[in-house]
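Visitor: The following comprises the amino acid sequence and a computationally predicted model.
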Amino acid sequence: MDLILCLYAQEVCGYPVSIFFIVFCPLGITIMALWTVLVLYFRYFLRFDDDLATSIYHTFVALCYLTPILGAVVADSWLGKFKTIIYLSIVYAIGQVVMAVSAIHDITDTDRDGTPDNLTLHIVLSMVGLLLIALGTGGIKPCVAAFGGDQFQDHQAKQRSTFFSVFYLCINGGSLLSTIITPILRGQECGIHSQQKCYPLAFGVPAALMVVALVVFIIGSGMYHKTEPQGNIMLDVCKCIGFAIKNRFRHRSSSYPKRMHWMDWAEEKYEKLLIAQIKMVLKVLFLYIPLPMFWTLFDQKGSRWTLQATTMDGNFVRLQNHPTTVNPILILTLVPIMDSVVYPLIKKCGLNFTPLRRMTVGMFLAAMAFVAAALVQIQIDVSVYNTSTLCGSLFLYSINIMSIKSIYIFSDTLLQTDDLMAKPEQGANAIRYFCLHYKTHKHRFPKHLFLLISRATFTITNGANTCEYSREFGFGSSYTLLIPSHFAWGPTCSESISGVEDIQPNSFHMGWQIPQYFLITCGEVVFSVTGLEFSYSQAPSNMKAVLQAGWLFTVAIGNFIVLIVAEIAQIEEQWAEFVLFASLLVAVCVIFSIMAYFYTYMDPAEIEAQFRDKGGKEESDKEELQMQKKDVVDHHNEDDEAKQTKM
């Protein structure tokens, strides 16, 4: 008990104890876990095509960053940050549960063939789940970072700056776990009547972890510094801005004196302190205008880049653990290096590497990442073009017809079989066998068996005898295995079995995606971490969550831009789309650097103190004037009484 009381009063390494309950609360494993497999869920469970899967994915991401405005209003105006985090975390967890239920294929699989018979029900459930998740995460995102910043005192400015880096590290620590664990959970086979990819487990485990994180956050309740909501600040801001615009329009004649700022036209009705606070917010929001283009590129690592990985050779890792794992690993490595080595070294060199300059560099690095992605895509397209033709020489002779059907001639039999028209989905291997042994099997081709493995062992049996055959497979390939007519059971039975490669495996290695992930992560570290700190430091005391929501709103706009390009532009070549995005970001980067050059950094606390002092002085002057008037009135009354007495 004494230890607990001591913790309430003490700091740890200069940090408030309450911070340690907050930094471990936003376990990024929850939302990041969903994003890791979401586009694959759309593509291969709900059977959306690539463009629709990408569009729905980015619509969801946009909603996740659009709803923070609502969360910020609720936190700053009514519930406060603490209660907002708790209530909307519950909504978030419910959404995760609904998503897990939507992925249970047995709900509508009446014929038990492993495929849902009523996809509409699954789509509706998944959309409801995603809507609840977007609402929940929207309320949490602007509040957690700002709530953490509220725990620091004025003398802890340095620790508060470090907190945002640590906070970002914790999010990406959870992200690292999600990119490793969630695909493994998805890769499991589960089901009541038939075994399929286990999306319910991939969505359900993060829901349980969200509940655990919420419990940890609530345990620290007594240690938190909870800033009380200050009324409907967003409504006051909107009314003040509206009055300033209307008043300026009324006095647009040149006969009226000009004012320093257009918001000064609200002075007739609103306090100067509120006007000054709105000026600070508008100044930062104007600087946010070019930022959505960064997020347009950044969030495609969960959609376009994930789909790109499924067309590559993933032999060095299991395909589920594609290079998205590199992103959180690099963040966990680069954030401490940047804070402890790179930034201090730049400062010692006499360079003023301001937050806005860091963000400019981050935007440029993201553009270079998409140039690297375009180069990778070109190599993929070239390798697919060179290896996509179906081929084979079966037993005696094989003729390929329009890459759709093949005629196989052997002995006294001629067979025609349907071939795959494209590479297998998700980088799987399509495998079928053809038995020519009249005692073992009839002359026919069974359907393809799709396996997401690099090596497989098959057991051939006739009931009395068995024979095992092993073979290496490449990702995205198609094979036909032949059991010849002279097949004989015995220790060397597998030697007579041969295989024909109908579609060559993906030849361009997935490791080539690592450079683009490295560049995009470097850009994220110097852009996103800096942006979080910048948004908090430049926000007035009563609008911290509001400005955090404005920062997150730029992410939503960025994802809407992806939707426009994916659905309207209809660029056929993927590499050309990557180059287009890179070019747009470079242009925006130049514009932002010019805007940053003219930006003047503010100290909101100092500005607010000046206006409060002025307000206090004005009140004091008013009171003194009233006292003087009262003395004069009293003096006149005394003179009147004296006159009356004399009379």
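Guide: Here it is on my side, so go on.

Visitor: Can you list the neighbours in contact with stretch 586-604?
Guide: Contacting residues not belonging to stretch 586-604 are listed as 277, 280, 283, 286-287, 289-291, 293-294, 354, 356-357, 359-360, 363-364, 367, 537-541 [CB atoms under 8 Å, 6 or more residues apart in numbering]. Heads up, the C-betas are built off the backbone N, CA and C, glycines and all.

Visitor: In terms of pLDDT, where does Pro323 sit?
Guide: Per-residue pLDDT puts Pro323 at 56.

Visitor: which residue ranges form the strands in the stretch 51-200 of the chain?
Guide: If you assign secondary structure with DSSP state E, counting those that start in this stretch, the strands in the stretch 51-200 of the chain sit at 189-190, 196-197.

Visitor: I'd like those strands as JSON lines, with mean pLDDT, mean neighbour count and distance to Pro491 appended.
Guide: Shown next, in JSON lines, are the strands of the stretch 51-200 of the chain (pLDDT from 0 to 100; neighbours: other CB atoms under 10 Å; distance: least, CB to CB, whole Å):
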{"stretch": "strand 189-190", "mean pLDDT": "82", "mean neighbour count": "14", "distance to Pro491": "32"}
{"stretch": "strand 196-197", "mean pLDDT": "81", "mean neighbour count": "23", "distance to Pro491": "37"}
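
Visitor: among the ones you listed, which is nearest Phe217?
Guide: Within these, the stretch nearest Phe217 is strand 189-190; the backing value is 30.7 Å (CB to CB).

Visitor: Check whether Pro183 really touches Val37, as I assumed.
Guide: Yes: with contacts defined as CB atoms under 8 Å, Pro183 counts as touching Val37 at a distance of 6.2 Å.

Visitor: if I look at the two, which residues touch both of them?
Guide: Shared contacts of Pro183 and Val37 (CB under 8 Å, 6+ apart): Ala202.

Visitor: How much space separates Val341 from Leu334?
Guide: 10 Å (CB to CB, to the nearest Å).

Visitor: scratch that, Ala157
Guide: Relative to Leu334, Ala157 is positioned 24 Å away (criterion: CB to CB).

Visitor: which parts of the helix or strand where Leu235 lies are buried?
Guide: Per DSSP states H and E, Leu235 falls inside helix 233-250. Neighbour counts using 16 or more other CB atoms under 10 Å place 233-234, 236-237, 240-241, 243-244, 247-248 of helix 233-250 among the buried residues.

Visitor: Make CSV from those residues and add pLDDT and distance to Pro68 to it.
Guide: Listed next are these as CSV, based on pLDDT from 0 to 100; distance: CB to CB, whole Å:
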residue, pLDDT, distance to Pro68
Ile233, 74, 15
Met234, 75, 12
Asp236, 83, 19
Val237, 84, 16
Cys240, 91, 22
Ile241, 91, 20
Phe243, 92, 26
Ala244, 91, 25
Asn247, 89, 31
Arg248, 87, 30
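
Visitor: just curious, which of those residues is nearest to Ser221?
Guide: Ile233 (24.0 Å).

Visitor: Provide a list of residues in contact with the closest one.
Guide: By CB under 8 Å, 6+ apart, Ile233 lies in contact with 76-77, 542-543, 546.

Visitor: who wins for neighbours among those?
Guide: Taking other CB atoms under 10 Å to define a neighbour, the member of the contacts of Ile233 with the most is Asp76, carrying 27 neighbours.

Visitor: So for it, what's the pLDDT?
Guide: As predicted, Asp76 sits at a pLDDT of 73.

Visitor: now the strands: where do they sit in the chain?
Guide: Remark: strands assigned in the chain by DSSP state E are 11-12, 15-16, 189-190, 196-197, 397-401, 405-410, 413-418, 429-435, 449-451, 455-461, 466-472, 478-483, 498-503.

Visitor: Go through those and find the least confident stretch.
Guide: Of all the strands of the chain, mean pLDDT reaches its minimum on strand 397-401 (a mean of 31).

Visitor: What about the contacts of Ile233, which are in helices?
Guide: Taking DSSP state H as the definition of helices, these contribute Val546.

Visitor: and which of the contacts of Ile233 is nearest Met260?
Guide: The nearest member of the contacts of Ile233 to Met260, counting by CB to CB, is Met543 at 21.2 Å.

Visitor: Next, count neighbours for the closest residue in space to the closest one that isn't next to it in sequence.
Guide: With CB to CB, 6 or more residues apart in numbering as the measure, Val281 is the residue that lies nearest to Met543, at 5.6 Å, once sequence neighbours are left out. Each residue near Val281 was counted by other CB under 10 Å, and the total is 19.

Visitor: which residues touch Val281?
Guide: By CB under 8 Å, 6+ apart, Val281 lies in contact with 237, 539-540, 543, 546-547, 550.

Visitor: Could you do Ala75 as well?
Guide: Applying CB under 8 Å, 6+ apart, we find Ala75 in contact with 81, 84, 139, 142-143, 146, 229, 545.

Visitor: CSV for the residues you listed, including distance to Met99 and pLDDT?
Guide: Listed next are the contacts of Ala75 as CSV, based on distance: CB to CB, whole Å; pLDDT from 0 to 100:
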residue, distance to Met99, pLDDT
Lys81, 26, 82
Thr84, 22, 87
Gly139, 18, 74
Pro142, 23, 73
Cys143, 23, 79
Ala146, 27, 76
Pro229, 31, 74
Ala545, 27, 67
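
Visitor: Need these in CSV (columns: neighbour count and distance to Phe578).
Guide: As requested, the contacts of Ala75 are arranged in CSV below (neighbours: other CB atoms under 10 Å; distance: CB to CB, whole Å):
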residue, neighbour count, distance to Phe578
Lys81, 29, 39
Thr84, 26, 38
Gly139, 28, 34
Pro142, 33, 31
Cys143, 30, 35
Ala146, 25, 35
Pro229, 19, 45
Ala545, 35, 35
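
Visitor: related to what we said a few turns ago, mind giving me the PyMOL command for buried ones among the contacts of stretch 586-604?
Guide: Applying 16+ other CB under 10 Å to the contacts of stretch 586-604, the buried members can be selected in PyMOL as follows:
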select buried, resi 277+280+287+290+291+293+294+356+357+359+360+363+364+367+537+538+539+540
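
Visitor: Let me see the backbone angles for Phe598.
Guide: Taking degrees, to the nearest 10, you get phi -90, psi 0 for the backbone angles of Phe598.

Visitor: Check it and give its pLDDT.
Guide: pLDDT, the model's per-residue confidence, is 89 for Phe598.

Visitor: Look up the closest residue to Ala374, ignoring the ones flanking it.
Guide: That would be Phe578: by CB to CB, 6+ apart, it lies 3.8 Å from Ala374.

Visitor: residue contacts, that neighbour?
Guide: When the contact criterion is CB under 8 Å, 6+ apart, the partners of Phe578 are 304, 370-371, 373-374, 377.

Visitor: Could you list the low-confidence segments of the stretch 1-150 of the chain?
Guide: Applying pLDDT under 70 to the predicted model, the residue ranges of the stretch 1-150 of the chain that meet it are 1-11, 13, 23-36.

Visitor: mind listing the helices for it?
Guide: Using DSSP state H, counting those that start in this stretch, the helices of the stretch 1-150 of the chain run over residues 2-9, 19-23, 29-44, 50-66, 68-74, 81-102, 119-150.

Visitor: and if you look at the stretch 501-647 of the chain?
Guide: 514-524, 530-537, 544-564, 574-597, 604-646.

Visitor: Name the residues that touch the second one?
Guide: With contacts defined as CB under 8 Å, 6+ apart, helix 530-537 is touched by 145-146, 149, 160-161, 164-165, 167-168, 284, 291, 355-356, 358-359, 362, 544, 547-548, 550-551, 604.
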